[in-house]
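Engineer: got a sequence here, can you model it:
(one chain, ligands or ions: 1)
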Amino acid sequence: MMGTLPKEQQGGQEERKSMNSAKKVAIILGSDSDLPVAKKAAATLKELEIPFAIHIYSAHRTPDAARDFARNARAAGFGVIIAAAGMAAHLAGALAANTTLPVIGIPCAGPLLDGLDALLSTVQMPSGIPVATVAVGGGANAALLAAEMLALSDPALTERLEKRRQAEAEAVLRKDAGIAARLEE
Ligand code: C2R
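Structural biologist: This is a model prediction of the structure:
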């Protein structure tokens, strides 16, 4: 079926450019109420200089737009799709059903059940249609996993990921050095 999205929405809006990474990441939200989780993913992608676009498409509320985005995503230059949704979170699975790009699902905590509903809806995919599911609210890890996928064919991005890992380890070691003194705080 032909795409129904306007051209500028097929990977354009909010896009971040980079000289270093050829492929873009798509962050798709089921609702603007998932924005706090998306912000964590966006911040990590920015830090790693990975270009991305962000959209709201819902498998429930805008099924045609969600399907068309997934079907056009590879041609639009995306390498990975991150889908963040809460409650009956079918978004990641519905996107995955319409593309063979890797789809990473972020279950978002809703008003009830602390995100367990979204976690199970996202992770329990039937065999044949995989969704790589990160922790409830795991925006940063979703972005890092996307980065690791893109880094398979991007040595400069691999280097940035390794530097970030190193910096993180050094920060923990600095905390270790000071932890005994903090017992008195
Ligand atoms: P509202 O706050 O807009 O009522 O949405 C959204 O991701 C959000 O967490 C409540 C929750 O509904 C979720 N939603 C889905 C899907 N579309 C919206 N799980 C979907 O397609 O799976």
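Engineer: the residue minimising distance to the centre of the chain sits in which helix or strand?
Structural biologist: Centroid-nearest residue in the chain, with CA atoms, centre = their mean: residue 82, separated by 3.0 Å. Secondary structure from DSSP states H and E places residue 82 in strand 78-86.
Engineer: ok, longest helix in this protein?
Structural biologist: Assignment by DSSP state H gives helix 155-178 as the longest helix of the chain.
Engineer: quick one: average confidence on it?
Structural biologist: For helix 155-178, mean pLDDT rounds to 97.
Engineer: ditto for stretch 56-75
Structural biologist: Stretch 56-75 comes out with an average pLDDT of 98.
Engineer: buried sites along it?
Structural biologist: For stretch 56-75, the neighbour count (16 or more other CB atoms under 10 Å) marks 56-59, 65-73 as buried. (C-beta placed from N, C-alpha, C; glycine too.)
Engineer: restricting to these, which residues neighbour the ligand?
Structural biologist: When contact is defined as CB under 6 Å from any ligand atom, those meet the ligand at 58-59.
Engineer: of the buried residues of stretch 56-75, which belong to helices?
Structural biologist: Of the buried residues of stretch 56-75, the ones assigned to helices by DSSP H are 65-72.
Engineer: can you tell me which of the residues you listed is closest to the ligand?
Structural biologist: The ligand lies nearest to residue 66 out of these, by CB to the nearest ligand atom, at 6.6 Å.
Engineer: run through the residues that contact the closest one.
Structural biologist: By CB atoms under 8 Å, 6 or more residues apart in numbering, the contact set of residue 66 is 28, 57-59, 91, 94-95, 98.
Engineer: repeat that for residue 48.
Structural biologist: 143, 147, 157, 160-161, 164.
Engineer: cutoff 6 Å now
Structural biologist: Neighbour list for residue 48: 147, 160 [criterion: CB atoms under 6 Å, 6 or more residues apart in numbering].
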